[in-house]
Every structure is written in C-alpha cells, then in structure tokens.
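J.: no FASTA, just this:
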C-alpha cells in the first residue's frame, strides 16, 4: 500500500502546472493542472521535547544520474537510530479505525492519494500497537532511521513507535 500511495503522489506531481502560471494567493497543493488545489496548511507547531519538522527538513537532495539520494545535514545526522518524539498528522496506509503502519506528515493531508509535502516532510511509521486514526495531530515516540537509499524515495522511518501525551 505504501508503494501505491508514494507512486500516486509522485505521478500526480509530474502533471502539476508551472507555478508561474498559477494565480496569486496561498501556495496550492494537489493537482493544479486539473484545477484540484487547496491552500497549504501550516505545519504542526513545534513542541518542547519533540523533534521539529524544520530539523527534519535539513536534507540536501543529491542527484546521481536518474537517482536522487538524501544528504542529511547537521543535527539530522545525530538523530539516526535514536529514540525521538515527533508529532504530526496521520495518513493511513490501510483500512480500519486503527493503524500500525502509516505515514506521519508535517501538514494535514488534503488528498487521500497525495503526500502533503516532499520526502523531508513525511515519516513512515511502524507502531508496537495500533493507533486510532485521528484528523488531529498525533504525538509519537520511537526509533528514527535515516533512509539513504529507500526504493520508495522516503528519507525517514520510525519503528517501535507508540503514542505519547
């Protein structure tokens, strides 16, 4: 399912209109070429004791031929294989009220088939116990892995995750 969602998101981006041709106003999200857009929602607010999405965005994409790989910058490198706290919005990968494998995003999803940001704004999450789906931000603690050559193009994975207050 993850492969399907990531593939659809990348394919939708291939059809996006030239940003210069879009009307002024909030940056659009979605497939602008087909008139399906929504204003960009702000990322979840920073919270003491939690890793900031601004920190996770400190990645430089390096292109080698047809492949783009991440080069993790500064403080991000220190997070590899560490237990961290992160909050964000749940993008389910399966059916059901509770999920044990989902995508956590910096901004609320606006489309069930689109990732709401680039690979530095999403984290694949695998939990120890299923988490009840919510449209509100969820707070998690788990082991963060930096993915240097993920076949889906993801940069981050959190394993053994569980909800925190």
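T.: Received it, and whenever you're ready, just let me know what you need. Not measured: the values here are computed from a predicted model.
J.: For residue 79, the count of nearby residues, please.
T.: 19 (other CB atoms under 10 Å). Where C-beta positions appear, they are placed from N, C-alpha and C, glycine not excepted.
J.: Not including adjacent chain positions, what is the nearest residue to it?
T.: residue 144 (5.2 Å; CB to CB, 6 or more residues apart in numbering).
J.: Report all helices and strands that the helix or strand containing the one you found contacts.
T.: Assigning secondary structure by DSSP states H and E places residue 144 in strand 138-146. Using 3 or more CB pairs under 8 Å, 6 or more residues apart in numbering; DSSP states H and E as the contact test, the elements touching strand 138-146 are strand 82-92, strand 122-132, strand 156-163.
J.: residues in contact with the second one?
T.: When you say that, I think you mean strand 122-132. The contact list for strand 122-132 (CB atoms under 8 Å, 6 or more residues apart in numbering) reads 2, 56, 86, 88, 90-91, 96-106, 115-116, 138, 140, 142, 144, 154, 156-163.
J.: Now list the buried members of the residues you listed.
T.: The neighbour count (16 or more other CB atoms under 10 Å) marks 56, 86, 88, 90-91, 99, 101-106, 115-116, 138, 140, 142, 144, 154, 156-158, 161 as buried among these.
J.: Identify the residue nearest the geometric centre of the chain.
T.: residue 122 (1.3 Å; CA atoms, centre = their mean).
J.: hey, what's it bridged with?
T.: Bridge pairing for residue 122 (DSSP bridges) gives the partners residue 105.
J.: separation between it and residue 156?
T.: Counting by CB to CB, to the nearest Å, the gap from residue 122 to residue 156 is 7 Å.
J.: Equivalent analysis for residue 103, please.
T.: 10 Å.
J.: so what pLDDT did the residue nearest to residue 79 get?
T.: The model reports residue 144 with a pLDDT of 98.
J.: Can we start the residue count at 226 from this point?
T.: Got it, the first residue is 226 from now on, which makes the last one we talked about residue 369.
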